[in-house]
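S.K.: Just to be clear, the model below is a prediction. Sequence and coordinates:
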Amino acid sequence: MALVSKAEAFIVDLPVEQIRTDAVQAFIEQETVFVEVTTDDGAVGLGYSYTIGTGGSAVLALLRDHLLPRLIGQDASLIEAIWMDLFASTRATTVGAITSLALSAIDTALWDLRCIRANDPLWRVAGGYRQSVPLYDTEGGWLHLTTEELVHGAKAAVTAGWGGIKVKVGKPSANEDYERLAAVRDAVGPNFDLMVDANQSMTLAEALRRVEAYAPIGLFWLEEPMPADDVSGHARLAKATTIPIAVGESMYSIAQFRDYLERGAASVVQVDVARIGGITPWLKVAHLAEAFNVDVCPHFLMELHVSLVAAIPNGRYVEHIPQLRSITTSEMTTENGRAIAPDTPGLGIPWNRDAMDDRRVA
């Protein structure tokens, strides 16, 4: 038994590596919320979650004022018990982003500790299905990019051997979206996976109109066409189109995923480890999706998700959006268009603590 003797939370601000825009927002800064857990035998686990520019101070306050004090004296190996205890202590603020982000920072730190003690990497401890997983790129598909820039990014992804590219949609005209997508499809050919992401910008009526316009492109999926709480709208859209519907980055509980899957409203699950509340619930969502014969293609956090996608049999893709390179000593390993889950015990992310301290703001 190793009891938690110390738990600390802090924020590291990271600017984005390039301009990132979609139909509803711009991603200009990442507030990276870290939790460091130390046990009475000196072992240390480091976990994290993130925001895209707002809310980090609220997550930090929840951690410092309420959640971290509950960790002291608990057996760090009892991850499920700890998660449920913390979740139960926040009934007034669940289900929601702030609580999930706080829980995730703690939960990933405890999983880091578990893997370090086992002297095994996360992808093995969490399931151990295979070590490499396919990659698709998002960095070359932002909404502000010109058609020529989209084509250049798509060709670069083909050259890199990646399986696909995601392009943001939601231009004022459906025809403008179509022309941009058609140019990319012409550049990469029919066998390259082309995904699109509307970032919850559409009504059901507009989504129905746009899937008809997009249909000739041969899309691998349409992501977040409508607000995530519109389950019935997604179910109606899924029945009206052969384009697979992808959702999950804006969902914060296992039950939300269950509702989507039961109603046939999701063909691809994009569960985000930070927004669902950590590795513990992430794995439950992944296995739930497996029961419905649905693939998991998580949102963002590629440095962590590579290990989780490698752990499960229905992990289909890892999304390529580099964001931690300024605070790590090396990058995620890729080979022949695939991401390689690290063999380092723990989460496998090579943190640069000096660089983190330089960017630490709270």
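M.R.: Sure thing, it's come through. Residues are numbered from 1 along each chain as shown.

S.K.: what about Asn119, neighbour count?
M.R.: Applying other CB atoms under 10 Å, we find 8 other residues in the vicinity of Asn119. C-beta coordinates here come from the backbone N, C-alpha and C atoms, glycine included.

S.K.: For it, give its distance to Leu71.
M.R.: As judged by CB to CB, to the nearest Å, Asn119 and Leu71 stand 23 Å apart.

S.K.: again, but for Asp197
M.R.: Distance of Asp197 to Leu71, given as CB to CB: 36 Å.

S.K.: Please state the mean pLDDT value computed over stretch 226-244.
M.R.: For stretch 226-244, the mean pLDDT works out to 98.

S.K.: what's it in contact with?
M.R.: 198, 200, 202-204, 207-208, 211-212, 214-215, 219-222, 225, 245, 247, 250-251, 256, 259-260, 263-268 (CB atoms under 8 Å, 6 or more residues apart in numbering).

S.K.: Show me the strands in this structure, by range?
M.R.: Along the chain, counting by DSSP state E, strands occupy 4-21, 26-39, 44-51, 132-137, 164-168, 193-197, 221-223, 245-247, 268-269, 295-296, 318-320, 333-335, 338-340.

S.K.: circling back to that earlier point, of Asp197 and Leu71, who's got more company?
M.R.: Ranked by neighbour count (other CB under 10 Å), Asp197 and Leu71 place Asp197 first, with 26 against 22.

S.K.: Just give me the neighbour total for the residue nearest to that one when sequence neighbours are not counted.
M.R.: Spatial nearest neighbour of Asp197, excluding adjacent residues (CB to CB, 6 or more residues apart in numbering): Glu223 at 4.0 Å. Residues lying near Glu223 (other CB under 10 Å) number 25.

S.K.: List the contacts of Glu223.
M.R.: 166, 195-199, 246-247, 268, 270.

S.K.: Work out which residue lies at the spatial centre of the protein.
M.R.: Centroid-nearest residue in the chain, with CA atoms, centre = their mean: His299, separated by 2.9 Å.

S.K.: Report the contact partners of Ser201.
M.R.: Taking CB under 8 Å, 6+ apart, we find Ser201 in contact with 22-24, 170, 225.

S.K.: same deal with Gly128?
M.R.: Contacts for Gly128 (CB under 8 Å, 6+ apart) come out as Ala311.

S.K.: if I look at the closest residue to the residue nearest to the centre of the chain other than its chain neighbours, how far off is Gln256?
M.R.: Take His299 and drop its neighbours on the chain: the residue closest to it by CB to CB, 6+ apart is Glu249, 3.5 Å away. The spacing between Glu249 and Gln256, counted by CB to CB, is 12 Å.

S.K.: Then Leu181?
M.R.: For Leu181, the distance to Gln256 - CB to CB - is 29 Å.

S.K.: What are the neighbouring residues in contact with the residue lying closest to Phe220 once chain neighbours are set aside?
M.R.: With CB to CB, 6+ apart as the criterion, Phe220 has its nearest non-adjacent residue at 4.1 Å, and that residue is Asp193. Residues in contact with Asp193 (CB under 8 Å, 6+ apart) are 136, 163-165, 220.

S.K.: tell me which of those is nearest to Arg130?
M.R.: Gly163 (15.0 Å; CB to CB).

S.K.: pretty sure that closest one is touching Tyr317, no?
M.R.: Yes: taking contacts as CB atoms under 8 Å, Gly163 lies within contact range of Tyr317: 6.7 Å.

S.K.: okay, and the common contacts of these two?
M.R.: Common neighbours of Gly163 and Tyr317, counting by CB under 8 Å, 6+ apart, are 134-136.

S.K.: what's the domain layout of the chain?
M.R.: The chain breaks down into these domains under automatic domain parsing: 4-119+354-358, 124-351.

S.K.: how far does the longest one stretch from start to finish?
M.R.: Right, the one you point to is domain 124-351. One end of domain 124-351 sits 20 Å from the other (CA to CA, to the nearest Å).
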